[in-house]
Structures are given as C-alpha cells and as structure tokens.
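Participant: Fold the following and give me the result.
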Amino acid sequence: MTRKRQLLLLRIAAWAGASAPLLWMAYRILLGEGLGADPTQELTHWSGFTALTLLLVSLAVTPVRRITGWNQIQKVRRMLGLWAFFYASIHVFVYAYFDQVLALDFILEDVLERPFTLVGAASFLLLLPLAITSTKGWIRRMGRNWVRLHWLVYPAAVLGVLHFELGQKADLTRGPVIMGVILAALLGIRVGYALRSRSGSEGGSSRTRPAES
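Facilitator: This next block holds a predicted model:
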C-alpha cells in the first residue's frame, strides 16, 4: 500500500471517528429514544466529554509518533484538534442558548461567581485563537510563532480536565480522574522527550567545543 493511500485511509478513519459522536447524537434526537428528561444537561455533558476526549486524542498523536515512528499520524493532529474545538463550541452554545437563554448579564455573573464556569470559559478562550490560526495561510504567516501560540493547547487541556472534575458532583472515577491520568501521562512523555533533546544538544555542543577552540 502506497503512502498516499495510507494517509487517505488514516484521514478517513480520523474523520469517521471524530464525526461518529455527532452522528450518534443526531440519530438519538431524530430517530432514537431522544435525550431523556433533561435534554440540555444531556447535550451539555455529551458535547463537553466529546470535546475533551478528542482534545486528549489530538495531544496523544505526537507521543504515538515518537514511540512508534509512525510519522503519518501527525497529519491528522490538526484535524482532531479542530474537531475538539467544534464540539467545545457546541458545548458553549448549549450552555449560552439553552441554559442561559443568551442573557449576557446572567452568563457574566455565572462566570465570575462559579469556578466551574470560569475554568471552562478560560479553556475555551485558549482554544479559540488556536482554531482561528489553524489554516495553512496562518501557519505560513506566523512561522515559528505559530508553534509557540499552539502551546496554549496544554493549559487549555489542563483547564478542560479541571472543568470536567468540578462538574462532577458524585463519582469522579467515571471520567475526570481517568482524563487527568491520561493528560498527566501525555504531558510527562512530552517533558521527557524535551529533557532528552536538551541533554543531547548540550552534550553535542560540549563535545564539539574543544574542536572549535
């Protein structure tokens, strides 16, 4: 199988996996059993959980590439991140429209008074510039600054997990703790590779120093 065909299949699989929750929710609403006694709460939980899951999946792409050497998987990271933002946008829309009926004063009061809402809003606002600058044109214009800006995905993910935890009033082990452990592992792998890279570069520079002098 050629690389182009492999990449095409990988992108199709990523699209199918990322769109599956949306198709399932559409089926539930239009043809299935509906959303239960509290549709707003169901939509809120579904969209938030899906957004956070896809965000963590997108963060897992680079560690998987480094561990396995499967470089093509990096091609779907941006797509997965945009899907995560899409579901996060649904999450915010459901909250603002159905829960707060677009009353800006109520929304502002809720953000300022409840840490749960404040943390979630902060996470979304960190993701917003990343989604806006995810086009090829922005990548070309920003150069290395694009990479620096997109480091915001890590604090956004941390705040997203914290938002999830604050929203769980009962059993935390059903989701937030698992999400937190996964995020900690991904960040740990990232830090480990960064330290190895730094130590390797410092070792290389120290070995070449006598030759330069």
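
Participant: Can you tell me how far the residue nearest to the spatial centre of the chain is from residue 16?
Facilitator: Nearest to the centroid of the C-alpha atoms of the chain, with distances taken as Cα atoms, centre = their mean, sits residue 55, at 2.0 Å. Applying Cβ to Cβ, to the nearest Å, the value for residue 55 to residue 16 is 18 Å. No exception for glycine: its C-beta is placed from N, CA and C like everyone else's.

Participant: Please report the distance of residue 61 from residue 102.
Facilitator: 36 Å.

Participant: Which pLDDT value goes with residue 72?
Facilitator: Residue 72 is assigned 90 on the pLDDT scale.

Participant: likewise residue 171?
Facilitator: With respect to pLDDT, residue 171 has a value of 57.

Participant: distance of residue 181 from residue 116?
Facilitator: 21 Å.

Participant: When those two are compared, which one has more neighbours?
Facilitator: residue 116 (17 against 11; other Cβ atoms under 10 Å).

Participant: Quick check: the more buried one touching residue 167?
Facilitator: Yes: using Cβ atoms under 8 Å, residue 116 is in contact with residue 167, at 5.7 Å.

Participant: re the thing from before, who's more crowded, residue 61 and residue 102?
Facilitator: More crowded of residue 61 and residue 102, by other Cβ under 10 Å: residue 61, with 21 against 10.

Participant: Pretty sure that one sits against residue 76.
Facilitator: Yes: using Cβ under 8 Å, residue 61 is in contact with residue 76, at 6.9 Å.

Participant: Residue 30 versus residue 120, what's the distance?
Facilitator: Looking at residue 120 against residue 30, where the rule is Cβ to Cβ, the gap reads 28 Å.

Participant: who has more neighbours, those two?
Facilitator: residue 120 (24 against 8).

Participant: where does the more buried one sit relative to residue 47, distance-wise?
Facilitator: 11 Å.

Participant: Same check on residue 191?
Facilitator: 30 Å.

Participant: who's more crowded, those two?
Facilitator: Between residue 191 and residue 47, counted using other Cβ under 10 Å, residue 47 has the larger neighbour count: 23 against 10.

Participant: Quickly find the element holding the more buried one.
Facilitator: Assessed by DSSP states H and E, residue 47 sits inside helix 39-68.

Participant: Give me the below-cutoff pLDDT ranges for the chain.
Facilitator: 169-174, 200-213 (pLDDT under 70).
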